[in-house]
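Student: show me the folded form of this:
(one chain, ligands or ions: 1)
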Amino acid sequence: MSVKNKFFGVLEKTAKKIPMVSHKMDKEYDKMLGEIEKSAKPYKNMESYPSIPETGISHEDILSVMTDFQQKEEGKWKDGFVSGAVYNGDQKHIDFLNKVYALNSQSNPLHSDIWPSISKYEAEIVSMTANMMHGKEVSGTDEVCGVVSSGGTESIMLAMKTYRDWARKKKGIKKPEMIVPVTAHAAFDKASQYFGIKMVHVDVDSEYKAKVDEVKKAVNKNTIVIVGSAPTFPHGIIDPIQEMSEIALKNEIGFHTDACLGGFVLPWAEKLAYNVPLFDFRLPGVTSMSADTHKYGYAAKGTSVVLYRNLELRHYQFYTATDWPGGLYFSPTFAGSRPGSLSASCWASLLSVGEKGYMDSTKKILQAADKIKKGIGEIPELNILGNPLWVISFASKELDIYQIMDAMTRKQWSLNGLHKPSAIHIALTLRHTQEGVAERFIEDLKQSVAEIKANPKTEGGMAPIYGLAAKIPFRGAISDLLKRYLDILYKI
Ligand SMILES: Cc1ncc(COP(=O)(O)O)c(C=O)c1O
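Tutor: As a prediction, this is how the structure comes out:
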């Protein structure tokens, strides 16, 4: 049983014991979480290091242990069994990025006087991304600009903090609210919690697109920003960005397009004549965007770009300390010191892949997606949610979709379980464009559906638990368990 399976097993048991007095509950949690600790920590029996060793261990020994781990872990994603996660994965590309990392491993853009090269790389990463998003086409005093952040979540959180501070200063809003479709990434909720911005959720329609009417109705004097995704993480659907951003424009508030997932796919898909609605700075209401270089930009994990329509907005993101005894201090993002090596390898990825490389990759991914969508369409028990391009979610009206996911897990696949509604998805990457992978996916899916149809009462796995996790009304108890799971990850 996988860690995830065991974890959801704990949820199920917990749900049965609610309500319960809290000290009793604590004991129950400990007992149940103890059960999953073993699978969350598969290397528990290996030597561990709770304290710094008295004398250093040889480089060879350290590398040997790490090579073992790496070899155990890489097979699954390399062979294309994993949804998302590793977006390029080609060995030559990895080797090249590793060389670039090694060259720049000591750099820190906080000290731009010592490493001006990293400032150059970051300025150019932002410019390349802005141009891809038609940043040159803005008019008047606008000038698309941005920064390199550590990932999609940081880009989103930076943008939301920026709107909070902008609205406080420019509009005197002290109780800010953000309008966010329920399908937008959890990072927006994280921003709401961290920065005290009230989350106003809007629903999606039968095509999984944000309901424009609900957005219109939700705007009030405290609204600082409206959010849309291009596309969403769960269903790979592009929200009606044009209509939503027009509402923002009319109300003189911000509009953020979250293109973390699609930023380095949609511009090329549009050029390849796929049906891509406008989602970028060509729309006058779009005031900021996030686009992840560490996804389909094929950079190593740890970089993303947040863009703003003008320099004024970006200033609300920047931090400066003018009276600190440590000197004059300023930093563009949440971190202080940052890994310049990751920005360097991001720059190297964009340059080495080039527009032609991105076009070719996008074409391959979209062709694999067409094969997979066609294949799913031929399985009568399944239905694709909405009309996605390459992040494909599907459900079943007659079978338990989580049982189908379990059957796929038994065949090596690592797919994403979704809820509200119950569904699963696969985010296609270059790994799935390898010969035979799309065909293997459809073959395995057909077999999985047949297995569950023949035996709908298949026990175990995640199926009952996933269903339950969506239904339990005690969300606080689930949140508590998730936190305790994180505690486990930090146990040695
Ligand atoms: C649409 C969307 N936004 C934001 C994020 C968050 O990105 P990260 O995991 O890099 O923080 C993701 C991640 O999958 C995403 O799909």
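Student: where are the low-confidence patches of the stretch 101-250 of the chain?
Tutor: For the stretch 101-250 of the chain, no stretch is flagged by pLDDT under 70.
Student: what parts of it come near the ligand?
Tutor: 151-153, 156, 185, 187, 229, 233 (CB under 6 Å from any ligand atom). Where C-beta positions appear, they are placed from N, C-alpha and C, glycine not excepted.
Student: who are the packing partners of the helix or strand containing Val180?
Tutor: Per DSSP states H and E, Val180 falls inside strand 177-181. Judged by 3 or more CB pairs under 8 Å, 6 or more residues apart in numbering; DSSP states H and E, strand 177-181 is in contact with helix 186-195, strand 198-202, strand 223-229.
Student: can you map out the strands along the stretch 301-450 of the chain?
Tutor: With strands called from DSSP state E, counting those that start in this stretch, the stretch 301-450 of the chain shows them at 304-308, 319-321, 329-331, 383-384, 391-395, 416-418, 423-427.
Student: returning to that earlier point: which pair in the residues of the stretch 101-250 of the chain next to the ligand spans the largest distance?
Tutor: The largest separation in those, counting by CB to CB, is between Gly151 and Ser229 at 16.0 Å.
Student: quick one: contacts of the strand holding Val180?
Tutor: Residues outside strand 177-181 that contact it (CB atoms under 8 Å, 6 or more residues apart in numbering) are 160, 163, 188-189, 191-192, 197-204, 210-211, 215, 218-220, 222-229, 232, 239.
Student: what about the residue in the stretch 1-150 of the chain positioned nearest to the ligand, how many residues nearby?
Tutor: Per CB to the nearest ligand atom, Gly84 is where the stretch 1-150 of the chain lies closest to the ligand, at 6.6 Å. Residues lying near Gly84 (other CB atoms under 10 Å) number 19.
Student: that one: what secondary structure?
Tutor: Of the three states, Gly84 takes coil according to DSSP: H, G, I helix; E, B strand; the rest coil.
Student: quick one, what contacts it?
Tutor: Shown in contact with Gly84 (CB under 8 Å, 6+ apart): 295, 416, 427, 429.
Student: ok, which pair from these is furthest apart?
Tutor: Spanning the widest gap among these are Lys295 and Asn416, at 14.3 Å by CB to CB.
Student: and these two? Which one has more around it.
Tutor: The neighbour count for Lys295 versus Asn416, taken as other CB under 10 Å, is higher for Lys295 (26 against 18).
Student: separation between the more buried one and the ligand?
Tutor: From Lys295 over to the ligand the distance is 7 Å, taken as CB to the nearest ligand atom, to the nearest Å.
Student: which residue packs closest to that residue, ignoring adjacent ones?
Tutor: In this structure, Lys295 finds its nearest non-sequential neighbour in Tyr87, 5.2 Å apart by CB to CB, 6 or more residues apart in numbering.
Student: any chance of the helices and strands packed on strand 177-181 in a markdown table, with mean neighbour count and distance to Thr141 too?
Tutor: What follows is the helices and strands packed on strand 177-181, written out as a markdown table (neighbours: other CB atoms under 10 Å; distance: least, CB to CB, whole Å):
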| stretch | mean neighbour count | distance to Thr141 |
| --- | --- | --- |
| helix 186-195 | 17 | 27 |
| strand 198-202 | 17 | 30 |
| strand 223-229 | 28 | 21 |
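Student: figure out which of these is closest to Phe264.
Tutor: Using CB to CB, those put strand 223-229 closest to Phe264, at 14.8 Å.
Student: which helices and strands does whichever helix or strand comes after that closest one pack with?
Tutor: Following strand 223-229 in sequence order, the next helix or strand is helix 241-250 (DSSP H and E). Contacts defined by 3+ CB pairs under 8 Å, 6+ apart place helix 241-250 against helix 212-218, strand 223-229, strand 254-259.
Student: tell me how many other residues crowd the residue in the chain positioned nearest to the ligand.
Tutor: Nearest residue of the chain to the ligand (CB to the nearest ligand atom) works out as Gly152 at 2.3 Å. Using other CB under 10 Å, Gly152 has 25 other residues around it.
Student: brilliant, that's me finished.
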